[in-house]
Structure formats: structure tokens, C-alpha cells
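> My questions are about this predicted structure, shown below with the sequence.
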Amino acid sequence: MKIFDAHCDVLYKLFMNPNLDFGSSKELQVNLEHLITSKTKVQFFAIYVPESVHPDLKFQAALKMADLFYEKVLSTYPQMKLVKSKEEIRELGENEIGAMLTLEGCDAIGQDLLKLRTLLRLGVRAVGLTWNYGNYVADGALEERGAGLSRFGKQVIKVLNDTNTACDVSHLSERGFWDVIETSRYMFASHSNCHSLCQHPRNLRNDQIMALIERDSVMGLTFVPEFLSGTKEAVLDDVLRHLEYVCSLGGENHVGFGSDFDGTEFSVTKLAKNNQYENLWNELQKYYSDIQVKKFLFSNMAERLPWGNGKTQ
């Protein structure tokens, strides 16, 4: 069993409390001990700047999180290896764990493309344009206005296209999603579920899921109970319901997982932290073949992430 997890918020927790130890802190749902136990092979680490940070300080906060990624995760624990492309994921050694840096929301860049390019040069390989609300790039899923890409947002997409950087459509408004489909060369959804099963605005509708499938992309199902069941409680069967629904739309080869560990207050029963992925694996084995389980837990993400050579210049 190998795990590919397309979203966690460890860097946010380290930012809020730099004294936490990524190696073994019990306050983290994802730490090195958990990654080793679960046999996680690739973990995405999101830069998420909370709304409580003053707008003038958001870019500085993003830089601090990038620094924490390098100092507290990569430099401190040699088995954690920076990866920027599918090729580098394939080249990981047996005991190495790939760590990729992502950006969750472009609030930190304001209206400055130089700030975006700086974060890309620091290793960010996937960019979510918004969190839940609006910014200079686009509107998020909870923004009542529901606007799509702004003029500046289209400039951001051009930078992402030119640097082979993936655009993460999780958190986007519906109109923003379709604008990205029209303008982006590389897109995926890191942590989203099915709107047909749970009518939360953060979830993707059928036509959105099918658009990702048609682009040969991938979506990561997330373990946030509110997006699985619509309540503060969820069980493993809820995760499997969303998985089977994506498969019913033709998405067997286009679905994986983006846990959102360390980014949510409530958890799925028996799936409350990274080292409990085995419980999900055991449940999947009851209903799917070994080949299918491997696809869902690792291969679909590893093979269909929408970028290649890692060039960011």
C-alpha cells in the first residue's frame, strides 16, 4: 500500500505554533511518524494564510510558511524529499517520502505577479486561486457574488500556464471553475467532494467532475465531514459513497484523496489522522480489486497530476 495525499494544512499549524515538532507532535494529524506508519509516499503541503492575518502581512506569512516547510519538514527530516514533478515522484527512493509545496488561495499575492512568481520559484507547484471568499483573482465558493476570473486572475492563469504549474479548482466559485476550464492548461481539484451527495457549495457538481475527467485530470476526495455528510460527523462509508459516485460518472481513473488533515475541526470516524489510512484501505478492499484500490490511493494522483517537467522559470 502506498498513499498519495493531495492536501494537508500542517504548515498552517506550524505557522500558528512554530514550537510543534513535525516529527512526532500529537497535535498534528500529519507528522513524520504518521506518514511512515501509513506508508504515505507523497504528501502535498499547502500554504494557507488565515483571514486573521492583515492583508499587508499576508505575503510575509506565506514566505514564513514556505520557510517552515524547508526548515521544519525538509531540512530536519532527510527522508522527506522535495518533489516538483511526476518524474521526481517516480524517482523517490524506497524509504523517501515526497513533499510538494502548494498554495491555497492567492490572497497572499494581492495584485502582484512578482509575489506569485516568487512563490513558484520557492517550489510551489500547484496554486488554488481562492479560499472560500473573493480576492483580486476570483471569487471563492462561499462568495455570494459568484464571479469568475478577474482580469488579474487571467494574468495569474497565464503565469501558471507558462510555468507548467497546476491550477487547483477546489474552493473556486462555479463560474471561476468554468473560467479555469477555458483558460488553464493544467488543472485539478485537490480536496473536493460530490455536490449530488452533499449539497455544500464547496463540493463539485456532476458537470464539473465530468469536465475534469474529460481533461484527463484528477480530483481528491476530502475527509471533511461537512463535505461528506453535511454534518459534523461522518464515517468511512460516507467516503466510499463519494468515491463510488465519481466512479459511476466514469471517474475510476480520475479520483484520489486530499484529506485536508490539520485543516478541519471535525474528523471522519476511524480516519482522524494520517496513520489511520489503513482503515480506509481495509474498507476499500471489501468492495474493489487490488488494482482499483492502488489507483484510488496512489496511482491516479501520481499519473494524472496535470504537470510534467517542473520548470518554473
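Right, received. Where do you want to start?

> Tell me the gap between stretch 76-96 and the middle of its chain.
18 Å (CA atoms, centre = their mean, to the nearest Å).

> Equivalent analysis for stretch 30-45, please.
The answer for stretch 30-45 is 14 Å, by CA atoms, centre = their mean.

> Mind listing what's buried along it?
Within stretch 30-45, the residues scored as buried using 16 or more other CB atoms under 10 Å are 30-35, 38-45. Every residue, glycine included, has its C-beta placed from N, CA and C.

> quick one: terminal-to-terminal distance for that stretch?
10 Å (CA to CA, to the nearest Å).

> Ok, stretch 15-31 next?
First-to-last residue span, stretch 15-31, CA to CA: 15 Å.

> What are the buried residues along that stretch?
Quick answer for stretch 15-31 (16+ other CB under 10 Å): F15, L20, F22, S25, L28, Q29, V30, N31.

> same question, stretch 273-291
So stretch 273-291, judged by 16+ other CB under 10 Å, has buried residues K273, N274, N275, Q276, Y277, L280, W281, E283, L284, Y288.

> what does stretch 177-186 give?
So for stretch 177-186, counting by 16+ other CB under 10 Å, buried means F177, W178, D179, V180, I181, T183, S184, R185, Y186.

> Stretch 204-223 too?
For stretch 204-223, by 16+ other CB under 10 Å, it's 204, 208-213, 215, 217-223.

> And the furthest pair within those?
R215 and F223 (24.6 Å; CB to CB).

> roughly how far apart are L160 and I181?
14 Å (CB to CB, to the nearest Å).

> ok, now which ones touch H34?
H34 sits next to L28, T40, K273, N274, N275 when contact means CB atoms under 8 Å, 6 or more residues apart in numbering.

> from what I can see the last one touches S38, true?
Yes: look at N275 against S38 with CB atoms under 8 Å: they come within range, at 5.1 Å.

> Does Q155 touch L113 like I think?
Yes: here Q155 reaches L113: they are 6.3 Å apart, a contact under CB under 8 Å.

> sorry, back to before: among the buried residues of stretch 204-223, which are in strands?
M219, G220, L221 (DSSP state E).

> hang on, the earlier thing: show me which of the buried residues of stretch 204-223 is closest to A302.
Once CB to CB is applied, the member of the buried residues of stretch 204-223 that ends up nearest A302 is V218, at 9.5 Å.
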